[in-house]
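Visitor: what follows is a predicted structure for the sequence shown.
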Amino acid sequence: MNPTVVAGILVGLVAFATVLGLVWRAQQGRIRHTDGRTVVKAAEIPGIRRLASGATLLQFSTEICAPCKVTHTVLDGIAHERTNVSHIDLDVTHRPDIASRFHILQTPTTLILDRKGIVRARIGGAPRVDELRVELDRILLAA
Amino acid sequence: MSTEKPTLAAKPGQIGIDPRGPRFGAGVTALVLLIVVALGLLTPLGPTIVERAAEPGLILLVFATVIFGWGAFAGIQRHPYGLFYKNVIRPRLSPPSHLEDPVPPTFAQGVGFVIALAGVVLHLAGIPFALVIAASAAFIAAFLNSVFGYCLGCQIYLLLVRAGILGRGGSAAA
């Protein structure tokens, strides 16, 4: 193949990967509002008895996920700022059934549940802390 | 197993790694794979397996495959680029802000190993563009990891488990 064409393909490949990276980064941590039809019961989540009286941050992690650990620390901190918010971190490495039940495609994924367990929002990737605080306050006020 | 407060951050007895090490290594890997793509496009596909085995692009992809395998099976802590980072580059930098678990980058090396090995085998079998396509796919993953901090295990581990490709027991690179 002609070296000029090859150089063009290489530039194209790098440009394509850069666009992919920018799109991926723009999606990570964004809060997506859900239709409010999915309800999570405490009994479905291993290891807990009841949901928090205000809101629950339900995080899904695996062992093969470095940002999950950072997210765990961040969400724990946010939950501790408020008295009626709890943070649950579920390791689904060996529980694909739970991952399927909640349609988890990537980790970390965080669901924000209101006091009734209704899934109000969903965050794929490491959450953006300021946006999450605003969203949480909105859910707490609406309840 | 799942508990209310799993100790994901602290694994007793396991030492974290400087997260900049794997990202540096991914940058070197991306450059090597880009050269493989260039060589694969510049060299016409040889008519016999012996000629294909002697092509520079194939030889370099075999090298990349061996490096991926080293990282996947010996662990990311013994990865040659990682050791270069640790011994030559890290002493000149400030300490890392935090340490990370070695499992995710080791898993990513395993995925790279499978893709690169598939490229080597299919190229030797005489499949046109197998070398270029495999090297391009691995390049994109390595580039995203190095430049954007993309975490391959976060994106594909659950998909592979749910598709039944990885068992319940763990990862290909465990």
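Guide: Looks like it came in fine.

Visitor: pLDDT-wise, which helix or strand of chain B ranks last?
Guide: The weakest-scoring helix or strand in chain B, judged by mean pLDDT, DSSP states H and E, is helix B:152-162 (a mean of 90).

Visitor: ok, residue A:53 - contacts?
Guide: A:84, A:115 (CB atoms under 8 Å, 6 or more residues apart in numbering or on different chains). All C-beta atoms are positioned from the backbone trio N, CA, C, and that covers glycine.

Visitor: where's the closest residue to residue A:122 other than its chain neighbours relative to chain B, distance?
Guide: Distance criterion CB to CB, 6 or more residues apart in numbering or on different chains; nearest residue to residue A:122, sequence neighbours excluded, is residue A:32 at 4.9 Å. Distance, residue A:32 to chain B, using CB to the nearest CB, to the nearest Å: 17 Å.

Visitor: what about residue A:32, how many residues nearby?
Guide: 9 (other CB atoms under 10 Å in any protein chain shown).

Visitor: now do residue B:97
Guide: 8.

Visitor: and the pLDDT at it?
Guide: Residue B:97 carries a pLDDT value of 86.

Visitor: quick check, it in a helix?
Guide: No. Per DSSP: H, G, I helix; E, B strand; the rest coil, residue B:97 lies outside any helix segment and is coil.

Visitor: helices or strands next to the least confident helix or strand of chain B in the packing?
Guide: helix A:66-81, helix A:96-101, helix B:103-124 (3 or more CB pairs under 8 Å, 6 or more residues apart in numbering or on different chains; DSSP states H and E).

Visitor: deepest of those helices, which one?
Guide: With neighbours defined by mean count of other CB atoms under 10 Å in any protein chain shown, none of the helices and strands packed on helix B:152-162 is more surrounded on average than helix B:103-124, at a mean of 23.

Visitor: could you give the mean pLDDT of whichever helix or strand comes after it?
Guide: Using DSSP states H and E, the helix or strand that follows helix B:103-124 towards the C-terminus is helix B:130-148. For helix B:130-148, mean pLDDT rounds to 97.

Visitor: on that earlier part again, list the contacts of the residue nearest to residue A:122.
Guide: Residue A:32 touches A:121-124, counting by CB under 8 Å, 6+ apart.

Visitor: find the centremost residue of chain B, please.
Guide: residue B:109 (3.1 Å; CA atoms, centre = their mean).

Visitor: gap between the closest residue to that one other than its chain neighbours and residue B:58?
Guide: Nearest non-adjacent residue to residue B:109, counting by CB to CB, 6+ apart: residue B:71, 3.4 Å away. Per CB to CB, to the nearest Å, residue B:71 is found 20 Å from residue B:58.
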